[in-house]
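1. When you get a sec, could you give me coordinates for this:
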Amino acid sequence: MTTLVDTSAWVEFLRSTGSDLNVRVRSMIDADERLATTDVVIMELLCGAGISDHRSRIWGLLNRCSMLPTRPLFDYEIAAELYTRCRRDGFHPNNTNDLVIAAVAIGKKVPLLTADRHFERIAAVSSLRLAAP
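-> Numbering: from 1, shown residues only. Prediction:
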């Protein structure tokens, strides 16, 4: 099964934090599991990688992933609906990029591996599946 790896999970791995999530990403890479990324995750990672050596490492990791590109308008409409559902449930999503990432995971029917706890709130009001760390 393919797993969409969120920016926060990649950051745990890239920083070698030793967290359960860091270990999980390492084991997925070592086991050659099917990992996926999306354009929003790529953009977020590259924004955080100021040094060209970091960019090279990031591209090396992302090039082994399947690409799940956002579908213009469609995924953004789903993201807007997720925002509305979250607000109705009393949660105010601060990062609309995360709503787009969730929309991609929902649309492609793949679980999302993430360190961000607010995805649990998004999953509570949608069909987003979260991968276990």
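2. List the buried residues in the longest helix seen in the chain.
-> Scanning the chain for the longest helix, with DSSP state H as the assignment, gives helix 74-88. Going by neighbour count (16 or more other Cβ atoms under 10 Å), the buried part of helix 74-88 is D75, I78, A79, L82, Y83, R85, C86. For glycine as for every other residue, the C-beta is placed from the backbone atoms N, C-alpha and C.
3. looking at this, L4 is in a strand?
-> Yes - assessed with DSSP: H, G, I helix; E, B strand; the rest coil, L4 lies in a strand.
4. From I122, how far out is it?
-> 13 Å (Cβ to Cβ, to the nearest Å).
5. again, but for V5
-> Distance, V5 to I122, by Cβ to Cβ: 16 Å.
6. Please apply the same query to G18.
-> 27 Å.
7. Compare these two and say which one has the larger neighbour count.
-> I122 (28 against 9; other Cβ atoms under 10 Å).
8. Without its sequence neighbours, what residue ends up closest to that one?
-> A102 (5.0 Å; Cβ to Cβ, 6 or more residues apart in numbering).
9. May I have the residues that are in contact with that neighbour?
-> For A102, the contact set (Cβ atoms under 8 Å, 6 or more residues apart in numbering) comprises A79, L82, L112, F119, I122, A123, S126, L128.
10. Tabulate those (TSV), appending distance to G60 and pLDDT.
-> Listed next are the contacts of A102 as TSV, based on distance: Cβ to Cβ, whole Å; pLDDT from 0 to 100:
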residue	distance to G60	pLDDT
A79	29	98
L82	31	98
L112	22	98
F119	26	97
I122	29	97
A123	30	98
S126	32	98
L128	28	98
